[in-house]
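Asker: here's a sequence, model it:
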Amino acid sequence: MTIQVNLDLMLVKRKVSSRELAAAIGLSETNLSLIKSGKIKGVRFSTLDAICKYLECQPGDILSFEPD
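Answerer: Predicted coordinates for the structure are as follows:
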């Protein structure tokens with residue numbers, strides 16, 4: 001996969017647990033875990049928006065492109 005998900009790093013920087021984030025944005029912990037692991041094919045903009053608002057970050061802080 002060339003898109004890397006760096007959500008774990010942002011959670012550590014913000015001192016927020018996965019459980020806390022999932023509850024705050026109305027997402028199940030299972031679905032948040034799938035996003036964090038990169039085992040999804042896509043993420044809704046509304047979900048990305050909610051994550052960024054809660055963590056006070058930009059989408060580029062969570063997602064990065066790594067060339068093959």
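Asker: report the distance from the longest helix anywhere in the chain to the chain centre.
Answerer: In the chain, with assignment by DSSP state H, the single longest helix is helix 45-55. With C-alpha atoms, centre = their mean, to the nearest Å as the basis, the distance from the averaged C-alpha position of helix 45-55 to the chain average is 8 Å.
Asker: give me the mean pLDDT for it.
Answerer: Helix 45-55 comes out with an average pLDDT of 97.
Asker: need the residues that contact the following helix or strand past that helix.
Answerer: The element immediately downstream of helix 45-55 (helix or strand, assigned by DSSP states H and E) is helix 59-62. Here helix 59-62 makes contact (C-beta atoms under 8 Å, 6 or more residues apart in numbering) with 5-7, 10, 48, 51-52, 55. Backbone N, C-alpha and C define where each C-beta goes, glycine included.
Asker: hmm, 10 Å instead?
Answerer: 4-11, 13-14, 35-36, 43, 45, 48-49, 51-52, 55 (C-beta atoms under 10 Å, 6 or more residues apart in numbering).
Asker: ChimeraX command to pick out the buried ones of those residues?
Answerer: The ChimeraX selection below is limited to those of the contacts of helix 59-62 classed as buried (16 or more other C-beta atoms under 10 Å):
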select :5,6,7,10,11,35,36,43,51,52,55
